[in-house]
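Trainee: All I have is the shape, not the residue letters:
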């Protein structure tokens, strides 16, 4: 399964998960079987990127995995494209991969998305 995970750094499997999809400085793409990793660097200096979901349009992604937050707009854009949003408690990408292999990732539903801006940032 090819996962997109918002991260704080470019650490590959050791990259630390970001708390929120829209505020993540990086998006780490990882294949949960082969552990092949690629990193997309965020667009804005503060790590805020209102067009983050559009940056994923050319990527093959089976799911987005967040730690704690994603804006309603991003959630809707992803799910309309058939990309589920899952939640992981893992602190780093390696933990998300392990959870995915065990079938432990939980699907996020729309009622648990953010519908407001965080510290002046974007909703996605």
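Mentor: In hand now; what should we look at? This one's a predicted model, so the numbers in the text were calculated from it and none came from an experiment.
Trainee: Name the helix or strand of this structure that has the lowest mean pLDDT.
Mentor: Using mean pLDDT, DSSP states H and E, helix 52-55 stands out as the lowest-scoring helix or strand of the chain, at a mean of 72.
Trainee: So in that sheet, which strands flank whatever helix or strand comes next after that helix, and in what orientation?
Mentor: Per DSSP states H and E, the first helix or strand lying C-terminal to helix 52-55 is strand 63-66. Under the criterion DSSP bridges, strand 63-66 sits next to strand 2-7 (parallel), strand 85-87 (parallel) in its sheet.
Trainee: hmm, who's touching the last one?
Mentor: By C-beta atoms under 8 Å, 6 or more residues apart in numbering, the list of residues contacting strand 85-87 from outside reads 63-68, 70, 75, 78-79, 105-108. No exception for glycine: its C-beta is placed from N, CA and C like everyone else's.
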